[in-house]
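> Have a look at this prediction, sequence included:
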Amino acid sequence: MMHNEVTVFVDRDGTLNQDPGYLSTPDGLVLYPGVVESVARLKRAGCSVVLVTNQSGIGRGYFTRANLQAIHDKLENILAQGGGGLDGIFFCPHLPDDGCDCRKPKAGLIRQAVETLSVSTVHSYMVGDKRSDMELAGTVGAIGVLVTTSPVSQEAIHAQMRGELHIESVTSTFSEAVEWILQDISKVQ
């Protein structure tokens, strides 16, 4: 299997960066240790790396699309300086009750990525810190990799223990998640 057939979908807040609750300015973007190097490792391995993130702060009026773009510009610059980068960024600006099809765990953001970037979900991973990320993995047939970087991660672990959710791997950091993914990819070849 060519690595460029592998897509790694990644959540943002609580997965790549500290989650202050509605990150609204680029100055508030604090990446976890090892994130830059780990994204670069995925890119060197030929994987597509696609950010999929719920950003209801837009719908709530906490920040604008321009604020979000500035945050993502900073994120991309940091990743590029470290030899990595994102193949695409897809976000849901809606409130939980808006009934959209893009708010995780619904599959709209993944569908947008597939249509826009021509990436595949046939051999893909979804890395995130929340139950909704792992539910999304199940919905699109991706391999769910939970990072336990935030308190809400425990909800996903408990759901798995009750048999309500399937998580392929539980790691404590994004770096560990990437290490696991690269080992998993090597088994398939």
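Perfect, thanks for sending it. Numbering: from 1, shown residues only.
> just so I have it, where are all the strands in this protein?
6-10, 48-54, 88-92, 123-128, 143-147, 169-171 (DSSP state E).
> Redo those strands as JSON lines? Include mean neighbour count, mean pLDDT and distance to residue 42.
Quick note: C-beta positions are derived from backbone N, CA and C, even for glycine. As requested, the strands of the chain are arranged in JSON lines below (neighbours: other Cβ atoms under 10 Å; pLDDT from 0 to 100; distance: least, Cβ to Cβ, whole Å):
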{"stretch": "strand 6-10", "mean neighbour count": "27", "mean pLDDT": "97", "distance to residue 42": "6"}
{"stretch": "strand 48-54", "mean neighbour count": "23", "mean pLDDT": "98", "distance to residue 42": "5"}
{"stretch": "strand 88-92", "mean neighbour count": "20", "mean pLDDT": "98", "distance to residue 42": "14"}
{"stretch": "strand 123-128", "mean neighbour count": "27", "mean pLDDT": "96", "distance to residue 42": "9"}
{"stretch": "strand 143-147", "mean neighbour count": "25", "mean pLDDT": "98", "distance to residue 42": "12"}
{"stretch": "strand 169-171", "mean neighbour count": "18", "mean pLDDT": "98", "distance to residue 42": "14"}
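> I'd like to know which of those lies nearest to residue 40.
Comparison of the strands of the chain against residue 40 by Cβ to Cβ identifies strand 48-54 as nearest, at 9.7 Å.
> just how off-centre is that closest one within its chain?
Strand 48-54 sits 5 Å away from the centroid of its parent chain (Cα atoms, centre = their mean, to the nearest Å).
> Same check on stretch 22-42?
Counting by Cα atoms, centre = their mean, stretch 22-42 comes out at 12 Å from the chain centroid.
> Span of it from start to end?
27 Å (Cα to Cα, to the nearest Å).
> Offset the numbering so it begins at 40, please.
I'll keep to 40 as the first residue from here, and by that count the last item is stretch 61-81.
> Give the buried residues for it.
For stretch 61-81, the neighbour count (16 or more other Cβ atoms under 10 Å) marks 62-63, 65, 68, 70-71, 74-75, 77-81 as buried.
> contacts for it?
47, 52, 55-57, 59, 88, 96, 99, 101-102, 106, 109-110, 112-114, 117-118, 120-125, 188, 212-214, 216-218, 220-221 (Cβ atoms under 8 Å, 6 or more residues apart in numbering).
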